[in-house]
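S.K.: with the input below, show me the fold.
(2 chains)
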Amino acid sequence: MSEVLNRVVEYSGKNPYACYQCGTCSAVCPMVRFMDIPPHRAIRLLQIGAGALVLSSNTIWICVSCMRCVDRCPRDVAPGVVFEALRLITLRQGIDKLKYEEIPNIEEAPTLAIVSASRKLTG
Amino acid sequence: MSSEEPRVGVFVCHCGLNIAGVVDVKKVVEEAKRLPHVVHAEDYIYMCSAPGQELIKKAILEKKLNAVVVAACTPTMHYETFARAIEAVGLNRYRLEMAVIREFSSWVHADKKKATEKAIKLVKAAVVKVADNSPLEPVKSRTVRKVLVIGGGIAGITVALDIANAGIPVILVEKTPTIGGKMAMLSETFPTLDCAQCILTPKMAEVARHPLIKIYTNSEVVDVSGFVGNFKVKILQRARYVKIGDCRLCGFCERVCPVKVPSEFNRGLSDRKAIYIPFPQAIPPAYVIDKANCRHWVDGCDKCLRVCPTKAIDFNDEDKLVEEEVGVIIVATGYDLYPAERLKEYGYGLYRDVIDSLQFERILSAGGPTKGLILRPSDRKPVKRVVFIQCVGSRDINHLEYCSKICCMYTAKHALIFKERVPGGEAYVFYIDIRAAGKGYEEFIKRVQEEFQVNYIRGRVNRVYRDPKTGDMVVVGFDTLTGQLLTVKADLVVLATGLVPQLPYELASKLKIPFDKYGFVQEAHPKLRPVETVTSGVFVCGVAHGPKDIAETVAQASAAAAKAMELLYSEYIVKEPLVAVVDRDLCSGCRVCVGICPYGALELVEGKAKVNELLCEGCGACVVACPSRAIELRNYSTKQLLEMVKAVVK
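M.R.: Numbers count the residues shown, from 1 in each chain, chains lettered A, B, ... in the order given. Coordinates of the predicted model:
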């Protein structure tokens, strides 16, 4: 198993190998049209040891954690939970994806949105 | 215990080099000669061979041996061989013991000295045991040559006909008012597309006129007692309120009946009356009154009674409890569809144009609610575009974990018939994997894809909803092969709903047959005993055992019939006599054994425990549980076992 996959299993408690590529996650995902890689294919890449491709894609950051895929996944692979693990892998490297100074009209943004964005996008 | 002094002969087998390569067989013989009761010991290269067996027979006759120990392989392998050999010269087969010095010693140990020591100990233990073995006779019981078949679908029909045609009477119990089961609801059958009714109804008629088959419809098995060869069953026959022999199927009653309720047979796609016949070819050929919906018991309506020309209607009919004795029971209780409304995203139950697979079968049937025309249920508009969704419930840990096996094929069949009947129609199939392992199945799928150009989309559906403007159904799904999100408009959506078993827990527990984790009947061995259950004399076939198609069900039903006939061929059931015996003087009647016996072999008779020797499997659970030490296992008495332990540890 690749290092990325090992850590995904450790952080998420989910088993990407249980996936049989039915595509339910991609079908129910409200953000799929904005993703480089649709969720089911991201899981497939993890299975074949190409987790690095998923880490460098926009998919895991586009994911809004709505958990619809987690709810409907027939194999309990729960892509939404796996993506959270992939985000943690990046965040624990201390990489900030969010630059506050570049957010237009930050003073007008809802506090809740800024807090969630910081949680999700900064190391 | 044998009254005469034991004269034991020990026969040590080399098994070529299997034993002799590790165990010093000569030493084992020398040691055996010194044991108490042993009057003869020898070794031979292959004891199971004809000359080997001759050695044993010769020694029994010459040395007047009355007990034999063969130190060789396992009893499973060769007990029967040696038992027959000693029987041939007049010894009782239970005066034979085997010391397993191959599997328990030479095959598992490399140290020759220690392996030899262990072999000697095993021989010692076998000698002390055999010296105390009683000569026994097999347990015999007369069998009732009659079979109960539970379930009147294609499995039950096949098994009943096979058995009855062999001259054994059959009782066929069916829950609904007609036999025929789910197969009677089908339009055509894959992969040959024969009409289901055309191949089924002749068999139903054959059952009806068979002199050896007694049919109980509208009935359920409510109690089972007894054991293999001698089951007693109670059948609750629900009142039909129409005399079967008198009804002429004229249908006058149905015309005047004022009550309309959804038809079960058409799965709610049409109505039936409170007095009805599920379908014209129903067996028995008679109407039935659905008491729950009939107004007679509400306001005294008797319109049907007044028009019936043969006076077949009897509002005073009552439920009857019938008792029957049978030798064998066959469970063929079949399946139901998984409730598709549990998958809310597909809108079943919410939209009338989202239907399950059996509803679509009814639509395709010439005798169905639309006379075989493919019209959508909501407004009877001809269907031009249809979407099939596979794995509805199946292979999903939130619903049914298992594959329902038949859906890939019936969906392909649905799509093919649709394309045949609707020129220019479009069919889409959302699938995960296509499972078409069967004779002619792969070819069928290919034909559907290539010749009929059905659009197979590898992916699942997000949701199904109704377009409020056009009234069409909209299916949003994902094609995993191109990575495209798809939206398909359709007139009709057909869900390939998974199968769930129908055998109620209470009945299974009365039959003492275990379920697998999904509620299908667990077979005795998944490969070698596929139609037997762990309860002797109870067999299973059809979907009650696991999802399967008609061809497989029929094959399994015939297998179950063969097994039943094998059991009933002889007048007697013969069983090993190595069973528990109760010392009635010691028994305190505490019932501990009754509760602990996994085979239901113990009961209290006149305040004391009694073993049913036909049910007892000799497991010894009761022996251990008995606080009064009143129960012993024949030829495995506590005394014998302790002597064996002593012989080994000394």
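S.K.: measure stretch B:7-26 end to end?
M.R.: Criterion CA to CA, to the nearest Å; first-to-last residue distance in stretch B:7-26 is 21 Å.
S.K.: need the strands for the stretch 151-300 of chain B, in chain order.
M.R.: B:170-173, B:188-189, B:194-195, B:213-216, B:219-227, B:230-237, B:260-262, B:271-273, B:275-276, B:288-289 (DSSP state E, counting those that start in this stretch).
S.K.: contacts only, for residue 115.
M.R.: By default, I'm working from chain A. Residues counted as contacts of A:Val115 (CB atoms under 8 Å, 6 or more residues apart in numbering or on different chains): none. All C-beta spots, glycine's among them, are computed from the backbone N, C-alpha and C.
S.K.: think we crossed wires, I meant chain B
M.R.: Counting by CB under 8 Å, 6+ apart, B:Ala115 touches B:22-23, B:105-106, B:109.
S.K.: give the contact list for the residue nearest the centre of chain B.
M.R.: Centroid check for chain B by CA atoms, centre = their mean gives B:Val540 as the closest residue, at 2.2 Å. The contact partners of B:Val540, taken as CB under 8 Å, 6+ apart, are B:330-332, B:513, B:521, B:523, B:531-533, B:560.
S.K.: out of the strands of the stretch 151-300 of chain B, nearest to chain A?
M.R.: strand B:188-189 (27.8 Å; CB to the nearest CB).
S.K.: export the strands of the stretch 151-300 of chain B to a markdown table and tack on mean neighbour count?
M.R.: Compiled in a markdown table, the strands of the stretch 151-300 of chain B are given as follows (neighbours: other CB atoms under 10 Å in any protein chain shown):
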| stretch | mean neighbour count |
| --- | --- |
| strand B:170-173 | 27 |
| strand B:188-189 | 20 |
| strand B:194-195 | 13 |
| strand B:213-216 | 20 |
| strand B:219-227 | 18 |
| strand B:230-237 | 18 |
| strand B:260-262 | 13 |
| strand B:271-273 | 19 |
| strand B:275-276 | 26 |
| strand B:288-289 | 24 |
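S.K.: circling back to that earlier point, out of the contacts of B:Ala115, who's nearest chain A?
M.R.: Nearest to chain A among the contacts of B:Ala115, with distances taken as CB to the nearest CB, is B:His109, at 39.2 Å.
S.K.: tell me the pLDDT at that closest one?
M.R.: pLDDT recorded at B:His109 is 96.
S.K.: also B:Arg145?
M.R.: So, for B:Arg145, pLDDT stands at 96.
S.K.: what's the neighbour count on it?
M.R.: Per other CB atoms under 10 Å in any protein chain shown, the neighbour tally for B:Arg145 reads 18.
S.K.: so how far is chain A from the closest residue to it other than its chain neighbours?
M.R.: What sits nearest to B:Arg145 in space, not counting adjacent residues and going by CB to CB, 6 or more residues apart in numbering or on different chains, is B:Leu568, at 5.2 Å. According to CB to the nearest CB, to the nearest Å, B:Leu568 and chain A sit 45 Å apart.
S.K.: let me see the contact set for B:Leu568.
M.R.: B:143, B:145, B:147, B:168, B:327-328.
S.K.: how far does stretch B:256-273 stretch from start to finish?
M.R.: 9 Å.
S.K.: quick one: mean pLDDT over that stretch.
M.R.: The average pLDDT for stretch B:256-273 rounds to 97.
S.K.: go on, stretch B:478-495?
M.R.: In this model, stretch B:478-495 has an average pLDDT of 96.
S.K.: and chain A, is it touching that?
M.R.: Yes - counting by CB under 8 Å from any CB of the partner chain, contacts between stretch B:478-495 and chain A involve B:478-480, B:483, B:485.
S.K.: quick revisit: which among the strands of the stretch 151-300 of chain B is found nearest to B:Val611?
M.R.: Smallest distance to B:Val611 across those (CB to CB): 11.8 Å, for strand B:219-227.
S.K.: that closest one versus strand B:230-237: what angle between them?
M.R.: Per axes from the mean of the first three to the mean of the last three CA atoms, to 10 degrees, the angle that strand B:219-227 makes with strand B:230-237 is 160 degrees.
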